[in-house]
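Undergrad: sequence plus predicted model, see below.
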Amino acid sequence: MSPPVTGVIQDLERVLLTPAQISVRISEMAARLNAELAGKVVTVVALMDGALFFVADLLRQLEMPVRMHTLSASSYQGGTATTGEVKVNWPAGVDLRDQDVLLLDDILDTGLTLSVISERIRVQQPASLRTCVLLSKRRERLREVPLKDAGFEIDDEFVVGYGMDYQGRFRNLPCIGILNPGQPS
Ligand code: 5GP
Ligand code: MG
């Protein structure tokens, strides 16, 4: 059963993806990962905070042994347009050498964040690196990111909900949507 859609939902201009649509798609993504990564021990590198719910829902459907590290990266600093600079908070003691790494993020936009993080993973010489996002925006990338799995392709609009924020708010929406214009900044 889907959680009730209440509270801050009135701040949305429209719902793009319902909790049920998100849930069905994540199960499909998990099934593909279970088939293609069967027999491996997977080391997940999850980008917080935006991918929090995606990671929680996807990982609970993975059947292989999984390790997880969380990183935080930001290029937005609270607004809706990227600043072009990616700050990564890389925890000490993460060693990805010879690991089968699954990099998870909420949304691929300009590609800057995932390209910076992929590069930092690659220099550690993992056995493999697979990148998977819930949403991929249809737009020109500033950096190309080799993407194996994307849950949904969406138009180039600013979305919130299901972990994704605007000015720190709206992460708790169970759906993904577009905000009403005129939100306080
Ligand atoms: P990129 O580096 O690809 O431009 O941006 C990736 C990051 O920017 C994502 O991980 C996400 O945190 C943030 N981002 C990009 N587009 C959106 C959006 O439409 N809504 C929200 N809330 N965050 C976004
Ligand atoms: Mg993010």
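TA: Looks like it arrived, so ask away. Ligands and ions are numbered 1, 2, ... in the order given.

Undergrad: strands paired with whichever strand or helix holds A150, and their directions?
TA: According to DSSP states H and E, A150 maps onto strand 149-154. According to DSSP bridges, strand 149-154 forms sheet pairs with strand 128-137 (parallel).

Undergrad: secondary structure element for L33, which one?
TA: Following DSSP H and E, one finds L33 within helix 19-36.

Undergrad: buried residues in that helix?
TA: Buried positions in helix 19-36, judged by neighbour count with 16 or more other Cβ atoms under 10 Å: P19, Q21, I22, I26, M29, A30, L33. (C-beta placed from N, C-alpha, C; glycine too.)

Undergrad: stretch 37-45 too?
TA: L37, K40, V42, T43, V44, V45.

Undergrad: next one: stretch 49-59
TA: In stretch 49-59, counting by 16+ other Cβ under 10 Å, buried: G50, A51, L52, F53, F54, V55, D57, L58, L59.

Undergrad: likewise for stretch 95-112?
TA: By 16+ other Cβ under 10 Å, the buried positions in stretch 95-112 come out as 96, 99-112.

Undergrad: which of these are close to ligand 1?
TA: D105, D106, I107, L108, D109, T110, G111, L112 (Cβ under 6 Å from any ligand atom).

Undergrad: just give the nearest non-adjacent residue to the second one, would you?
TA: So the one you mean is D106. Distances taken as Cβ to Cβ, 6 or more residues apart in numbering place G50 nearest to D106, at 3.6 Å, with adjacent residues excluded.

Undergrad: any idea how far stretch 86-99 is from the middle of the chain?
TA: Relative to its parent chain, stretch 86-99 has a centroid offset of 17 Å by Cα atoms, centre = their mean, to the nearest Å.

Undergrad: do stretch 27-46 as well
TA: 15 Å.

Undergrad: what's it in contact with?
TA: 55, 58-59, 61-71, 94, 96, 99-105, 117, 121, 126, 130, 132, 149, 151 (Cβ atoms under 8 Å, 6 or more residues apart in numbering).

Undergrad: and what of stretch 9-16?
TA: Counting by Cβ under 8 Å, 6+ apart, stretch 9-16 makes contact with 5, 154, 159-161, 170, 173, 175-181, 183, all of which sit outside it.

Undergrad: quick one: the residue nearest to D106 is in a strand?
TA: No. Remark: G50 does not belong to a strand; assigned using DSSP: H, G, I helix; E, B strand; the rest coil, it is coil.
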